[in-house]
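Asker: any chance you can model this:
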Amino acid sequence: MKHCLSLLSVCLGLSLLGAPQLHAEDAEPTSPISLDTSVGVFSDYMFRGQNLYAGNSIQPSAKLAYDTGDYGKFAGSVWMQIPGENGNQGLDNYVETDYTLSYELALKDATFSLGNVWYRYPHNPGRAIVSTNEVYASIALNTLLTPTLTVYQDSDAYRAQYYELGISHQFQCASWGDKSGITPFASLGFATNAEDIYHNNGLETATIGAQFNLSLGDIGVVPVINYTFKIDDNTVNAFWAGVTLSYSL
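Answerer: Numbers count the residues shown, from 1 in each chain. You can find the predicted model right below:
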């Protein structure tokens, strides 16, 4: 299963300063289709309090979206975990590919998201971790600390529920560049019907951290640091960090 993100989900603020002024009739129309690509390198592959790959993790992704405007945004994405070294858990060839279909509706006071994630492990036959599917629903309030609740329902291998409650806030740093800032965040993870994954149901893990939003021209640079706290017997205390490079078409 993939790092949630880490799971949970983080705010990015964009501001374009000093751009040339255009008359309305001269402005280029904005395409409703977008393609976002990224590649991240992390010290470990952490997911919901568990260290699934204890070694350098390379995580490329691509997301194709269609924005209908008032009727929301539809998207499809592919994310991968690729081992950057021989992991110390015996998962030397631990490759994961996750496919997601999602819908997002942004309103004045909240943003709602729905989707399905397919977790696949093409080179790991016979491993304890198995391919599965999850449906999810999320709500993020457009207020101080952007409180976000995401509920995941496994619909295949585990039949468990996972709940992630997160907060974050972006502090813009204009001196670093037009699109720069610091976003501290914190999250709590809960699970039910998850005896095959955790030792006990209930609160499983907590994570705190910060991401730093930088840019090199059209390329986004996002270093991130995290600390995950062990709460359940099947989770770990871990400091982990990484950096993601992104480019949008």
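Asker: report the buried residues of stretch 239-247.
Answerer: Neighbour counts over stretch 239-247 (16 or more other C-beta atoms under 10 Å) mark 240, 242, 244, 246 as buried. The way it works is simple: take the backbone N, C-alpha and C, and place the C-beta from them, glycine included.
Asker: who does Ser102 bridge with?
Answerer: For Ser102, the beta-bridge partners under DSSP bridges are Ala75, Gly115.
Asker: which residues does it contact?
Answerer: 74-77, 113-116 (C-beta atoms under 8 Å, 6 or more residues apart in numbering).
Asker: can I get the residues you listed in JSON lines including pLDDT, distance to Ala191 and neighbour count?
Answerer: Formatted as JSON lines, the contacts of Ser102 follow (pLDDT from 0 to 100; distance: C-beta to C-beta, whole Å; neighbours: other C-beta atoms under 10 Å):
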{"residue": "Phe74", "pLDDT": "98", "distance to Ala191": "29", "neighbour count": "15"}
{"residue": "Ala75", "pLDDT": "98", "distance to Ala191": "26", "neighbour count": "18"}
{"residue": "Gly76", "pLDDT": "98", "distance to Ala191": "27", "neighbour count": "14"}
{"residue": "Ser77", "pLDDT": "98", "distance to Ala191": "24", "neighbour count": "17"}
{"residue": "Ser113", "pLDDT": "98", "distance to Ala191": "20", "neighbour count": "20"}
{"residue": "Leu114", "pLDDT": "98", "distance to Ala191": "20", "neighbour count": "14"}
{"residue": "Gly115", "pLDDT": "98", "distance to Ala191": "19", "neighbour count": "19"}
{"residue": "Asn116", "pLDDT": "98", "distance to Ala191": "19", "neighbour count": "14"}
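Asker: take those and lay them out in TSV including distance to Gly189.
Answerer: As requested, those are exported to TSV (distance: C-beta to C-beta, whole Å):
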residue	distance to Gly189
Phe74	27
Ala75	24
Gly76	26
Ser77	22
Ser113	18
Leu114	20
Gly115	18
Asn116	20
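Asker: going by distance to Glu96, which of these wins?
Answerer: Ser77 (13.9 Å; C-beta to C-beta).
Asker: gap between the lowest-mean-pLDDT helix or strand in the chain and the chain center?
Answerer: Every helix and strand of the chain was ranked by mean pLDDT, DSSP states H and E. The lowest is strand 171-172, at a mean of 88. Chain-centre distance of strand 171-172: 20 Å, with C-alpha atoms, centre = their mean, to the nearest Å.
Asker: strand partners (parallel or antiparallel) of it?
Answerer: Strand 171-172 has these strand partners (DSSP bridges): strand 181-192 (antiparallel).
Asker: got the buried residues for the partner strand?
Answerer: Buried residues in strand 181-192, defined by neighbour count with 16+ other C-beta under 10 Å: 181, 183, 185, 187-191.
Asker: pick out the most distant pair among those.
Answerer: Checking the buried residues of strand 181-192 with C-beta to C-beta, the most distant pair is Gly181 and Ala191, at 32.1 Å.
Asker: and the nearest residue to Asn116 once chain neighbours are set aside, what helix or strand is that in?
Answerer: The spatially closest residue to Asn116, leaving aside those adjacent along the chain, is Val135, at 5.1 Å (C-beta to C-beta, 6 or more residues apart in numbering). Applying DSSP states H and E as the criterion places Val135 in strand 132-141.
Asker: now do the top strand by length along the chain: distance to the chain's middle.
Answerer: If you go by DSSP state E, the chain has its longest strand at strand 202-216. Mean-position distance between strand 202-216 and its chain equals 10 Å (C-alpha atoms, centre = their mean).
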